[in-house]
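Colleague: model this:
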Amino acid sequence: MSCLVGSFTLRTTTRQHTSSCNQNKMRQLKGKVKETRKQKKERKMENVQMREKIGTIVLPALGAIALMIVAFIYLKTRPAILA
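Modeller: Below is the predicted model:
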């Protein structure tokens, strides 16, 4: 028998097998885990902060990338000046 512990497998042949496997796994509860008011408030605050970061970091970065692409295309497609 074997029991997965961390990133390696522990091989045992005695009754120790079941006890060592059970120590490493917590019992799974049925249904959805209830969220406390504090956890819900923290999660909502994190979501608000992420939305603010999108407006202050992501959008300007995307705008700068778009501007560079437009400038690159303009410079490569303009007619050459004849001398």
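
Colleague: output the strand or helix carrying residue 50 as CSV - backbone C-alpha positions only.
Modeller: Assigned by DSSP states H and E, residue 50 belongs to helix 37-53. What follows is the C-alpha trace of helix 37-53 in CSV, where atoms were taken according to Å, rounded to 0.1, in the frame of the first residue of the first chain:
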residue,chain,number,x,y,z
ARG,A,37,-19.3,39.0,7.6
LYS,A,38,-15.7,39.9,8.0
GLN,A,39,-14.5,37.6,5.2
LYS,A,40,-17.3,38.8,2.9
LYS,A,41,-16.4,42.5,3.6
GLU,A,42,-12.7,41.8,3.0
ARG,A,43,-13.5,39.9,-0.3
LYS,A,44,-15.6,42.8,-1.5
MET,A,45,-12.9,45.4,-0.6
GLU,A,46,-10.4,43.3,-2.6
ASN,A,47,-12.7,43.3,-5.6
VAL,A,48,-13.1,47.1,-5.4
GLN,A,49,-9.3,47.5,-5.2
MET,A,50,-8.9,45.2,-8.2
ARG,A,51,-11.3,47.3,-10.2
GLU,A,52,-9.4,50.4,-9.3
LYS,A,53,-6.2,48.9,-10.4
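
Colleague: quick check: mean pLDDT across the helix or strand that it is followed by?
Modeller: Using DSSP H and E, the helix or strand that follows helix 37-53 in sequence is helix 59-77. Helix 59-77 comes out with an average pLDDT of 95.
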